[in-house]
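Participant: show me how the following folds:
(2 chains)
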There are 2 protein chains.
Amino acid sequence: MTGKNAFYAQSGGVSAVINATACGVLQTARQNSDRIPKVLAGHNGVIGALTEDLIDTSYESEAAIAALRHTPGAAFGSCRYKLGSLHEHRTQYERLVEVFQAHNIGFFFYNGGGDSQDTAYKVSQISREVADPIVCVGIPKTVDNDLPITDCSPGFGSMAKYLATSIREAALDLAAMSRTSSNVLVLEVMGRHAGWATAACALAAERESDAPHILLLPEVPFDEARFLARVDATLRRQGYCVVAVSEGVKGSDGQFLSAGSHDAFGHAQLGGVAPVIANLITAKLRGKCRWAVPGHLQRSARHIASGTDVEQAYAVGRAAVEFALAGRNAVMPAIRRLSDMPYRWDIFDVPLSAVANKEKMLPAEFIRTDGFGITDAARHYLAPLISGEAYPPYRNGLPDYATLQKVRAPKKLANVFVV
Amino acid sequence: MTGKNAFYAQSGGVSAVINATACGVLQTARQNSDRIPKVLAGHNGVIGALTEDLIDTSYESEAAIAALRHTPGAAFGSCRYKLGSLHEHRTQYERLVEVFQAHNIGFFFYNGGGDSQDTAYKVSQISREVADPIVCVGIPKTVDNDLPITDCSPGFGSMAKYLATSIREAALDLAAMSRTSSNVLVLEVMGRHAGWATAACALAAERESDAPHILLLPEVPFDEARFLARVDATLRRQGYCVVAVSEGVKGSDGQFLSAGSHDAFGHAQLGGVAPVIANLITAKLRGKCRWAVPGHLQRSARHIASGTDVEQAYAVGRAAVEFALAGRNAVMPAIRRLSDMPYRWDIFDVPLSAVANKEKMLPAEFIRTDGFGITDAARHYLAPLISGEAYPPYRNGLPDYATLQKVRAPKKLANVFVV
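Facilitator: Next comes the predicted model:
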């Protein structure tokens, strides 16, 4: 056997298009099977490597691999598991090297957000010290769009398209009902720290009177009086009001607004800033308020994925393999914007050290001075990311998503590693 | 001027396809302009008739009317407003007749659920007493699918498709994350009384192991111990568990489970049975639970409408006009199922007296004996209703929905009616 096998894993919160990246990795590796005989996928991210729980992707048919391009979720399982520091948790890294050597793995592809790039970076550091170094490439993915340097992160565009579409639709509903029923809708949007997804809701509005009328961004401390005054003014002007609120909105005391609710059983309420805002409006204004928390639906809505996002997700997967084969180690393929209109982009490589553990917040010039909306600059940035449709195939009225066989590679190590 | 104008109005909670019905009404009326010179649409349902707030649809372009077929919400505005009894609120009915006579209206089309069919029925009764009788036709619409006699109600199939699609997608997400993150997802579904929409979630499951694993139907009293045992068993077997819960689920005491929550400000929590169920699971089991409440999103999601539903919505609109022109008074076009596979259907007319104020609940033979799922009979009934895709056109990455001019017909009456 010539060449070296590759390890690929998916990490962190999943998205509508992370499997399109997997498709890019696997198809490109198969095209280079002389140099990469096999791709072994970690079951549940890096945990699969630590526990030697490896899926031998060579058992998957070409059709199944191709279908990953239109399948949401993470086909190989993901994890929220951060490797410790190199100094204090050296055994974890030594275990990784041991597993990689046992399975003739020479390429490490880790597909995730900031934490995952940090993991990829640490693995690249340890792999330099071993006899047979491993080429490490991080692959970007996060619906939060908070990775630095890359113009955007695969996963974000599709969530943005889902949110802007849903707001446009629900606003038509609300406007139609506002005479005798609810006249305020509060939609809760993912994004604990950065307000990218909440900002993207504003793409639904083409005129000033269009919904959403108010954004509550995590970058802007919540000011109850100013907010209520704005809702009231919108109701007077429009007859209805749509609010998009980030789950991560905080009060001026720095506490999440969603903290502190209790249900009928007296249990602390889990999440849900939208009901808090809705109750506030109901208590303080004459508004009759509805709320919606799409939760997981928003990040897995492959049925309304952005065509651009799917293409970019695939492209970073393909580029990761190409970079690795070109010997570029400890890098991440990143998206570079070449022009806004028409939207043109390419892929370049950035050092993992530059992206690991860094969060890109919504910049000040993207936030309107009143704090309740976005600027034209933000709109120009966001608009191309939701462009294009990429429908999955349907069977019996529902999206026909891929199911993999997930045949495990036989274990080669006697010792068991417990995570 | 020969012929008589028609009045058309939309009523009750709106849907992804009620405007497709409007399209059917308006296009068919235009094809018969010798007999129906104009369609005047009530602004905000029957309130538009009472207040003489009438939209002259003849100002709308052919293209705008055609675009209604793919536009959610209610283009002319809807209302939750039930006319009183004929005995006690006779002035309301006299006012309607006055407005209709002033605008040469000889056809009354009212598009809504059970309450709306009741309104149409009452108007048909009063109109028999006047010199120039008005032909009254109710047109079915309800996402709740609870109208009697008709095989299904336009609006339901699209919501069902949205829900089953969303559950399938979110379940892939949850399954991928369940090793180290959340392993239970609770999705709240509309339907205060009848469990049709919650039942439709089950279409996402093709094998017993597929999500949703548990349905909580409003027809089945909630039994906490049995439910928790089922969640626990599912977690042990599958590693994750997806629950679809109807907003109308009640305890054995007959109280809505969603009642009684309080937020951090001490306000009574508005709606939201999903967080209640999620908190229960978190408190009593080891499950790490997420919840989602799509709310208005589910009934306005035209982007994932059922092709069958759009066709039927259009067909009942067209049939309503044809029935009226044939002189059939006090009827509603209903859908009749001719066969399951292939799904074939036609339209027939039922007397309004037979549909007004009646609710069709999920029949016992559609509910699995354990109460947590549906039978094959239910599956055969539901499957065709979500079949077919009917994508709207897109512009700048978002669905391009119709905007009407809504030119008001000049008022002809001096007196003002206050509702």
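
Participant: contacting residues for the closest residue to A:Gly3 other than its chain neighbours?
Facilitator: With sequence-adjacent residues excluded and distances taken as C-beta to C-beta, 6 or more residues apart in numbering or on different chains, A:Gly3 is closest to A:Arg35, at 4.4 Å. Where you see a C-beta, it was placed from the backbone N, CA and C, and this is true even at glycine. Taking C-beta atoms under 8 Å, 6 or more residues apart in numbering or on different chains as the contact definition, A:Arg35 lies against A:2-4, A:325.

Participant: report the buried members of those.
Facilitator: A:3-4, A:325 (16 or more other C-beta atoms under 10 Å in any protein chain shown).

Participant: in the stretch 251-400 of chain A, where is pLDDT below threshold?
Facilitator: Segments of the stretch 251-400 of chain A classed as low confidence (criterion: pLDDT under 70) are A:260-271.

Participant: for B:Lys4, see how far away A:Thr91 is.
Facilitator: Using C-beta to C-beta, to the nearest Å, A:Thr91 is found at 86 Å from B:Lys4.

Participant: now do the SS call for A:Ala41.
Facilitator: Reduced to three states with DSSP: H, G, I helix; E, B strand; the rest coil, the structure at A:Ala41 is strand.

Participant: what secondary structure does A:Asn19 sit in?
Facilitator: Of the three states, A:Asn19 takes helix according to three-state DSSP.

Participant: pull the contacting residues for it.
Facilitator: Applying C-beta under 8 Å, 6+ apart, one finds that A:Asn19 lies in contact with A:68-69, A:71-75, A:402.

Participant: quickly note the distance from the nearest residue to A:His70 once chain neighbours are set aside to B:Ile304.
Facilitator: Among residues not flanking A:His70 along the chain, A:Pro392 sits closest, at 3.9 Å (C-beta to C-beta, 6+ apart). With distances taken as C-beta to C-beta, A:Pro392 is found 11 Å from B:Ile304.

Participant: and the two? Which one has more around it.
Facilitator: Neighbours were counted for A:Pro392 and for B:Ile304 using other C-beta atoms under 10 Å in any protein chain shown; B:Ile304 has more, 28 against 22.

Participant: on that earlier part again, in helices only, show me the buried ones among the contacts of A:Arg35.
Facilitator: With DSSP state H as the criterion, helices contain A:Leu325 from among the buried ones among the contacts of A:Arg35.

Participant: closest one of the buried ones among the contacts of A:Arg35 to B:Val143?
Facilitator: A:Leu325 (52.5 Å; C-beta to C-beta).

Participant: show me what contacts the closest one?
Facilitator: With contacts taken as C-beta under 8 Å, 6+ apart, A:Leu325 has the following neighbours: A:32, A:35-36.

Participant: next, the contact list for A:Ile374, please.
Facilitator: The neighbours of A:Ile374, taking C-beta under 8 Å, 6+ apart as the test, are A:199, A:202, A:215, A:366-368, A:382.

Participant: which of those residues are close to chain B?
Facilitator: With C-beta under 8 Å from any C-beta of the partner chain as the criterion, no member of these is in contact with chain B.

Participant: what number of residues lie near A:Leu382?
Facilitator: 24.

Participant: for the residue nearest to it when sequence neighbours are not counted, helix, strand, or coil?
Facilitator: Excluding its sequence neighbours, the residue lying closest to A:Leu382 (C-beta to C-beta, 6+ apart) is A:Ala200, at 5.4 Å. Remark: A:Ala200 carries the secondary structure label helix [criterion: three-state DSSP].

Participant: now do the contacts for A:Ala200.
Facilitator: With contacts defined as C-beta under 8 Å, 6+ apart, the neighbours of A:Ala200 are A:156, A:159-160, A:163-164, A:382, A:385-386.

Participant: element containing the residue of the stretch 101-250 of chain A found nearest chain B, please.
Facilitator: Of all residues in the stretch 101-250 of chain A, A:Leu172 sits closest to chain B, with a separation of 2.8 Å (C-beta to the nearest C-beta). Secondary structure here is read from DSSP states H and E; on that basis A:Leu172 sits in helix A:156-177.

Participant: the helix or strand just after that helix pairs with which strands?
Facilitator: On the C-terminal side of helix A:156-177, the nearest following helix or strand under DSSP H and E is strand A:184-189. Next to strand A:184-189 in the sheet, as set by DSSP bridges, lie strand A:241-246 (parallel), strand A:289-292 (parallel).

Participant: got JSON lines for these, with distance to B:Val97 and mean neighbour count too?
Facilitator: As requested, these are exported to JSON lines (distance: least, C-beta to C-beta, whole Å; neighbours: other C-beta atoms under 10 Å in any protein chain shown):
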{"stretch": "strand A:241-246", "distance to B:Val97": "37", "mean neighbour count": "28"}
{"stretch": "strand A:289-292", "distance to B:Val97": "35", "mean neighbour count": "24"}
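
Participant: can you list these in a markdown table and add distance to B:Lys250?
Facilitator: Shown next, in a markdown table, are the strands paired with strand A:184-189 (distance: least, C-beta to C-beta, whole Å):
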| stretch | distance to B:Lys250 |
| --- | --- |
| strand A:241-246 | 30 |
| strand A:289-292 | 21 |
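
Participant: how about the helices of the stretch 1-150 of chain A, start to end?
Facilitator: All helices of the stretch 1-150 of chain A, identified by DSSP state H, counting those that start in this stretch, fall at A:18-31, A:46-50, A:62-67, A:90-102, A:114-127.

Participant: let's have those in CSV, adding mean pLDDT.
Facilitator: Supplementary listing: these in CSV, determined by pLDDT from 0 to 100:
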stretch, mean pLDDT
helix A:18-31, 98
helix A:46-50, 96
helix A:62-67, 98
helix A:90-102, 93
helix A:114-127, 92
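
Participant: mind putting those helices into CSV with distance to B:Ser339?
Facilitator: Converted to CSV, the helices of the stretch 1-150 of chain A look like this (distance: least, C-beta to C-beta, whole Å):
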stretch, distance to B:Ser339
helix A:18-31, 37
helix A:46-50, 48
helix A:62-67, 32
helix A:90-102, 57
helix A:114-127, 52
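
Participant: that'll do, ta.
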